[in-house]
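**Q** only geometry, no sequence info:
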């Protein structure tokens, strides 16, 4: 068979639009990652790095967090900690600095309080875009016996996208929130989702993630009830 240019382009376009990933989201094997929902990115007007789209999607993300808590899915938070002296950052970032203004946060980097992080939920302070770079995240997930991660937060095409790629390369199943991630230029959202959809992740809305989790929970409970009834005398 001769593959025409039109055929291969159409095939690629279909993968960008429809995706290739297919797997069940099993709550007992899943963790929710909330990436960098911190003051300077989410608190309205507080810093030049404010991401308005991230602020707008906070209610939807908070609901997803609650849904995951209900399903006993651990919630792991990260913050991009720019209070470091940059000695532990990738060398390349010294030539491509994150900061482009003289603004400095007045105190320690923290998750934006209205996000409702609980004190018993893990918080990772990272020094680069990806949450796996030089952090204990991979060890934490393996200790929790989790092989699937749900990636949410900001920025879609920087810290969230990098984390999704790092998870994929480490063998994790990756679910990426299409409407629970946000970036500073909303025209960049869909192009990043398209790349992730084709090559790295199952891209779902918050509602679709919750439905998948609930369906898996119901199936597991039904299986348990069936097994129990079969074992009963």
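**A** Yes, it's here. What you see is a predicted model; the values in this text were computed from it and never measured.
**Q** hey, where'd the helices end up in the chain?
**A** Along the chain, counting by DSSP state H, helices occupy 5-18, 39-42, 52-56, 58-70, 91-95, 137-143, 161-169, 189-199, 206-231.
**Q** packing partners of the shortest one?
**A** Based on contacts counted as 3 or more Cβ pairs under 8 Å, 6 or more residues apart in numbering; DSSP states H and E, the elements that helix 39-42 packs against are helix 52-56. To be clear about C-beta, it is placed using only N, CA and C from the backbone, and glycine gets the same treatment.
**Q** between the helices of the chain, which one is closest to residue 178.
**A** In terms of Cβ to Cβ, the element of the helices of the chain nearest to residue 178 is helix 189-199, at 5.6 Å.
**Q** just checking, what's the longest strand in this protein?
**A** strand 173-182 (DSSP state E).
**Q** closest one to residue 79 among the helices of the chain?
**A** Ranking those by proximity to residue 79 (Cβ to Cβ) places helix 39-42 first, at 9.1 Å.
**Q** tell me the centre residue of the protein?
**A** What sits nearest the mean C-alpha location of the chain, by Cα atoms, centre = their mean, is residue 151, with 1.3 Å.
**Q** low-scoring pLDDT stretches of the chain, where are they?
**A** For the chain, applying pLDDT under 70 flags the ranges 82-100, 220-233.
**Q** and the closest residue to residue 137 other than its chain neighbours, what does it touch?
**A** Distance criterion Cβ to Cβ, 6 or more residues apart in numbering; nearest residue to residue 137, sequence neighbours excluded, is residue 131 at 5.3 Å. Residue 131 makes contact with 33, 35, 78, 124, 137, 159, 163, 166, according to Cβ atoms under 8 Å, 6 or more residues apart in numbering.
**Q** tell me how far the third one lies from residue 111.
**A** The one in question is residue 78. Residue 78 is 9 Å from residue 111, where distance means Cβ to Cβ, to the nearest Å.
**Q** neighbour-wise, which of these two wins?
**A** Legend: neighbour count by other Cβ atoms under 10 Å for residue 78 and residue 111, higher for residue 78 (26 against 19).
**Q** how far away is that one from residue 11?
**A** 36 Å.
**Q** what's the neighbour count on the residue nearest to residue 16 when sequence neighbours are not counted?
**A** Counting by Cβ to Cβ, 6+ apart, residue 16 lies nearest to residue 194, which is 4.2 Å off, once chain neighbours are set aside. The local packing of residue 194 (other Cβ under 10 Å) involves 16 other residues.
**Q** just residue 114 next, same as before
**A** Residue 114: 13 neighbours (other Cβ under 10 Å).
**Q** check contacts around it.
**A** Going by Cβ under 8 Å, 6+ apart, residue 114 touches residue 58.
**Q** from residue 67, how far out is it?
**A** Per Cβ to Cβ, residue 114 is found 18 Å from residue 67.
**Q** can you check residue 31 too?
**A** Counting by Cβ to Cβ, the separation of residue 31 from residue 67 is 14 Å.
**Q** neighbour count winner among these two?
**A** Just comparing residue 31 and residue 67: by other Cβ under 10 Å the higher neighbour count belongs to residue 31, 22 against 18.
**Q** ok, so what distance separates that one from residue 137?
**A** Plainly put, residue 31 is 9 Å away from residue 137 if you go by Cβ to Cβ.
**Q** and for the two, which residues touch both?
**A** Applying Cβ under 8 Å, 6+ apart, one finds that residue 31 and residue 137 are jointly contacted by residue 76.
**Q** if anything else comes up later, I'll come back, but that's it for now.
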